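In: build me a structure from this.
(2 chains)
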Amino acid sequence: MSDTDDVGEAELSEDNSDDEVITHAHGAGGSQMAELIESLAVSRFAETDADVGLAALDDGSVQPIDDDHSVVVTTDSHVVTPLFFRGGDIGRLAVSGTVNDLAMMGATEPLALTSSLIIEAGTPQTTVERVTESMREACEEAGATVTTGDTKVMGSGEMDTLAINTTGVAVVPKGGHVPDAGLSVGDRLIVSGTVGDHGISLLSEREGFDFGGDLESDVQPVNDLVRAAMDAGEVTAMKDPTRGGLATVLNEMASKADVGIDVEERSVPVSGPVSSAGEVLGIEPFDVACEGVVVMGVASEDAADVLDALRDNPKGEDAAIVGEVVDDHTGQVVLDTGFGRRYLSPPEGEQLPRIC
Amino acid sequence: MATNAESGDDELQFRDPEKAEQLTDELEALMAEIGEPVNVMHVCGSHEQAIAKFGLRSILPDDLTVRMGPGCPVCVTNMPEVDEAVALAEEGKIVTTYGDMFRVPGTEKSLADARDEGADVRVVYSASEAAEIAEEEPDREVIFFATGFETTAAPTAAVLTSDPPENFSVLSAHKYVPPAMEVVAEMPDTDVDGFLAAGHAATITGYGLFEDFVEEYDTPAVVGGFEPIDVLYALARLLEFIRDDEAGLENAYPRCVSREGNVPAKEQLWEVFDTTSGEWRGIAEIPDANLVLSEDYAHFDARERFDIDVDPGAADPLTEDCICGDIMAGQADPDECELFGEECTPQDPVGACMVSSEGTCKIWLEYGGQPDL
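Out: Below you'll find the predicted structure:
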C-alpha cells in the first residue's frame, strides 16, 4: 500500500532490524494472509453501511445505491509465472478472476471492468498485445468490457515483466447478492467442476514436469454458470476456490456461517491427470487454486435442480454434490475418505513439492 | 476422490473401501484375541501420510495405537547441518535442496529465510537436477544439500559416480534407518510391540536387513506399503505375530521389496558413502547412522572443499518447549505439545517435525490436526 500513514513509517525506520518482512506465505491465501489483511486494511478503514463491507473479507463489497439496487465492487491484482501457461495466460486470468469475484457475490452481469497494466521496460510489445487480446476474448465470453484503464512502465529489473490489476463493477437488485457466509444447516454443497486443475497444472509446468497434454488450467469466466444455478434454485453462499483451493474455501464458509460441513471425498470431481500429478508432486488437489470453478451452498430441496442446471452448461458438466452443512463440528470440515473420517484443514503457507 | 483416470488394477486393489472394511474386521478380531492394548511403531513419514490422509486411525480398533518413530529424514537433520547450508548460501554459492528441507529452521535461520534475504537457494527434485544446475552455471559453486534415508542417498550416490561437473559438491545430511530403529527400540521409555517397517527404504536395502533386528530385540516387524490397504494388511500380519508372541518378519510389500533389495543401488551407495555416528535432531547421538562421503569421493564433499564458517546465531527460545524429540522417539503425539498449531505452524515452525511433509506434526496439521474424530 502506498498510503502508509506517518506513524507506520516512523516505526519502520526506528526499528527495522526486528521488523517482520512480507514473505511468500503472506500471499498464499492461508491464515498468515488473513492476519496481514486484518492488520493492514480492516483495522484502518471505518465501517460503512455496506451490505457487505471490507470486514466481511468476502469476494467483493456490496453497497446500496438506492432503495432498490446495490453496487458490487471487487478488485484483484494478477501476477503469474509463466505469463502464458497451458490453458490460459495472465490476461485471461485477470478478466476471469474479477468477473468470477463479482459472480461469487451474485453479480453475474458485469457493468464495467477497469484494467491497469504495470509493465517492465524491455518487455516485447507483442507479449503485451497477446495478453490484451486474450483479455478481450475473455471479456467477450463473460459479456463484459473494459471501460477504463491505466498503464505504467517500471524500470528493467524493478518487477517481473507484467502485473495486471482489474476492478469490476456490477449492479444487483437490493438483497439479490449472495454472501460467502450464508450457509445454513441442511444446505447441500455443490462443486461446479473438477478441482485443482489450475494449481497442479501451473506447479508442474513451473517445475518442468510434463504429465502430458491433459493437464491444463481451468481459467474461465463462470458468471453464466452462476446465473444458471441462481435461476434454478436458492443459492445460499458462494465462493470460488482460488488461492488455498477447495480446502480453504470450505473452511472459510463453515467458519463464517458458524456451521459444520461434511464432505465425501469420493464425490469431489478431480480429473485423472490432476490426481496423478498431485500424487507425484505430493500436493493435494484440494489445496491448490482453481480459476474456473464455483463452490456453492444450495437449499437441499433445490440441490437436484441446481445440479442439473450446472451440468447443462459445458463448464459445469463435471458438477457434483459433494457434501452437506451440518449442526456439528462448528467451523470445521470433516472429510469422509471412503476409509475413515478426518478433518479437512486449510493448507498453510507456500505449497512445496516433497521429496519422497 | 472421484477420478476420471482409467484406474489401474493397483489403485482398485489398494484403495478398495470394501477390502478395508474386511481388514478392519480382521484387526478387531485379532485385538480381541490379544486382549490387551498394542503399540505399533512405524518409521516412515509416508506411512503417517497414508494413515492420516485416509483417516485410518478413525477405523482402527481403540486399543491399537500406531505411532510414528524416527521416520522423517528431514526432521532428524541436525540444526548445525542446516546452519552449514545457510552459511554456504550466504557466501554467495548456489545451494540446492529438496522442497522439504527448504523451511527447516537452523539455529537462527532456514534456507527459506536466507532466500528471502537474497541468497540463491533453489528447490530441486533430485540430485541429478542439482548437478544439471551446476552444468548450466559453470562459474558458480553449486552445492546439493542432500537429505533423506537410503531412498534418496542411493540417487545421490548415482550422480556422484557418473562424473558430475567440478563445480558441484554435496553437503551430506543423509541418514541410515536401521541403527535408528535399534536406538529407539533400546530407549527405556519406548514400549513397542511391533514395527511396521518402511517399504521405501527396504526397496533399496531389502527386508533381509531386518532379520537380525527382530531376533535381537525380540520384536516382530512387517514391511508394508503405502496404500491404505497395504497399511491395514501389514498391521493385520503384525497383530498375528503379536498374538502368537512370535518375533517374526514378513514382507507385506512384495510388489516392490525383495529380500536382497536393489543390489546395484546398494553397491553404489556403499561405494560413495561411509557411515559415521552423529546427532539425530531431538533424538540422540546415533552410531553409524549418518552417511558421509567416502575417501574416494571426498573431492565432492562440500565440507572438504569449503571452509564453512557457521555463525549459527541465537536459537529461538521456544525450542525449549518443543517436544519433537519425544515425538520422533514415538513417546508422544503432536497434540501433546503445547506449541502444536499455536506457536508452531508450518509457516513458522519451531521444530523440524512441523516443516517436512514427512514430519508427524506437519502431517497431523495438514490432515486435520487430530487423528480421531
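
In: what count of nearby residues applies to residue A:52?
Out: Number of residues near residue A:52 (other C-beta atoms under 10 Å in any protein chain shown) recorded here: 21. For every residue, glycine as well, the C-beta is placed using N, CA and C.

In: part of a helix, is residue A:169?
Out: No - according to DSSP: H, G, I helix; E, B strand; the rest coil, residue A:169 belongs to no helix; its state is strand.

In: I figured it was touching residue A:112, is that so?
Out: Yes - counting by C-beta atoms under 8 Å, residue A:112 is a contact partner of residue A:169 at 4.9 Å.

In: residue B:151 contacts residue B:202, correct?
Out: No - applying C-beta under 8 Å, one finds residue B:151 not in contact with residue B:202, separated by 9.4 Å.

In: neighbour-wise, which of these two wins?
Out: Neighbour count, other C-beta under 10 Å: between residue B:151 and residue B:202, residue B:202 has more, with 28 against 23.

In: does the more buried one sit in a helix or strand, and which one?
Out: Assignment of secondary structure by DSSP states H and E places residue B:202 within helix B:199-205.

In: give me the neighbour count for the residue of chain A found nearest chain B.
Out: Per C-beta to the nearest C-beta, residue A:272 is where chain A lies closest to chain B, at 2.3 Å. Neighbourhood size, residue A:272 [other C-beta under 10 Å]: 15.

In: how about residue B:16?
Out: 16.

In: and for residue B:303?
Out: 16.

In: that one and chain A: what is the separation?
Out: 22 Å (C-beta to the nearest C-beta, to the nearest Å).

In: center of chain B, which residue is that?
Out: residue B:72 (2.6 Å; C-alpha atoms, centre = their mean).

In: phi, psi of residue B:32?
Out: phi -60, psi -40 (degrees, to the nearest 10).

In: any idea how far it lies from residue B:38?
Out: 12 Å (C-beta to C-beta, to the nearest Å).

In: compare neighbour counts for the two and give me the winner.
Out: Shown here are residue B:32 and residue B:38; by other C-beta under 10 Å, residue B:38 has more neighbours (22 against 11).

In: returning to that earlier point: neighbour count for residue A:169 and residue A:112, which is higher?
Out: For the pair residue A:169 and residue A:112, the greater number of neighbours falls to residue A:169 (19 against 13), based on other C-beta under 10 Å.

In: okay, that one: pLDDT?
Out: As predicted, residue A:169 sits at a pLDDT of 98.

In: could you check how far it is from residue A:150?
Out: 16 Å.

In: the helix holding residue B:202 packs against which elements?
Out: helix B:150-160, helix B:177-186, strand B:221-224, helix B:263-272 (3 or more C-beta pairs under 8 Å, 6 or more residues apart in numbering or on different chains; DSSP states H and E).

In: go with 7 Å
Out: helix B:150-160, strand B:221-224, helix B:263-272 (3 or more C-beta pairs under 7 Å, 6 or more residues apart in numbering or on different chains; DSSP states H and E).

In: work out which residue lies at the spatial centre of chain A.
Out: Taking C-alpha atoms, centre = their mean, chain A has its central residue at residue A:242, 3.2 Å away.

In: quick one: which helix or strand includes the spatially closest residue to that residue that is not a sequence neighbour?
Out: Computed as C-beta to C-beta, 6 or more residues apart in numbering or on different chains, the closest residue to residue A:242 that is not its neighbour in sequence is residue A:289, at 4.9 Å. Under DSSP H and E, no helix or strand contains residue A:289.

In: residues in contact with residue A:289?
Out: The contact partners of residue A:289, by C-beta atoms under 7 Å, 6 or more residues apart in numbering or on different chains, come to A:198, A:199, A:242, A:243, A:245.

In: I'd like to know how far the first one sits from residue B:52.
Out: Right, the one you point to is residue A:198. Taking C-beta to C-beta, one finds residue A:198 at 26 Å from residue B:52.

In: also the second one?
Out: Distance check for residue A:199 against residue B:52: by C-beta to C-beta, it reads 21 Å.

In: same check on the last one?
Out: Shown here: residue A:245 relative to residue B:52, a distance of 18 Å by C-beta to C-beta.

In: who's more crowded, those two?
Out: The neighbour comparison of residue A:245 against residue B:52 (other C-beta under 10 Å) goes to residue A:245, with 27 against 21.

In: name the helix or strand for the residue lying closest to residue A:137 once chain neighbours are set aside, please.
Out: Spatial nearest neighbour of residue A:137, chain neighbours left out: residue A:92 (7.3 Å); criterion: C-beta to C-beta, 6+ apart. Secondary structure from DSSP H and E places residue A:92 in helix A:90-104.

In: please put the alpha-carbon coordinates of that helix into CSV.
Out: Provided in CSV are the C-alpha atoms of helix A:90-104 (Å, rounded to 0.1, in the frame of the first residue of the first chain):
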residue,chain,number,x,y,z
ILE,A,90,-2.3,-13.7,-17.3
GLY,A,91,-4.8,-11.7,-19.4
ARG,A,92,-7.5,-14.4,-19.3
LEU,A,93,-6.7,-14.8,-15.6
ALA,A,94,-7.1,-11.1,-14.9
VAL,A,95,-10.5,-10.9,-16.6
SER,A,96,-11.9,-14.2,-15.3
GLY,A,97,-10.7,-13.6,-11.8
THR,A,98,-12.6,-10.3,-11.5
VAL,A,99,-15.7,-11.4,-13.4
ASN,A,100,-15.8,-14.5,-11.1
ASP,A,101,-15.4,-12.5,-7.9
LEU,A,102,-18.4,-10.4,-9.0
ALA,A,103,-20.3,-13.6,-9.8
MET,A,104,-19.5,-15.0,-6.4
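
In: which helices and strands sit right next to that helix?
Out: By 3+ C-beta pairs under 7 Å, 6+ apart, helix A:90-104 packs against strand A:69-78, helix A:125-142, strand A:162-173, helix A:223-232.

In: quick one: contacts of that helix?
Out: Defining contact as C-beta under 7 Å, 6+ apart, one finds that helix A:90-104 is touched by A:59-60, A:72, A:74, A:76, A:78, A:80, A:83, A:110, A:113, A:131-132, A:134-135, A:138-139, A:142, A:144, A:162, A:164, A:166-168, A:170, A:219-223, A:226, A:238-240, A:291-292.

In: helix A:223-232 and that one, what's the angle between them?
Out: Here helix A:90-104 runs at an angle of 20 degrees relative to helix A:223-232 (axes from the mean of the first three to the mean of the last three C-alpha atoms, to 10 degrees).

In: how about the helix or strand following helix A:90-104: buried residues?
Out: Past helix A:90-104, further along toward the C-terminus, the next helix or strand under DSSP H and E is strand A:112-120. Neighbour-count burial for strand A:112-120, with 16 or more other C-beta atoms under 10 Å in any protein chain shown as criterion, is recorded at A:113, A:114, A:115, A:116, A:117, A:118, A:119, A:120.
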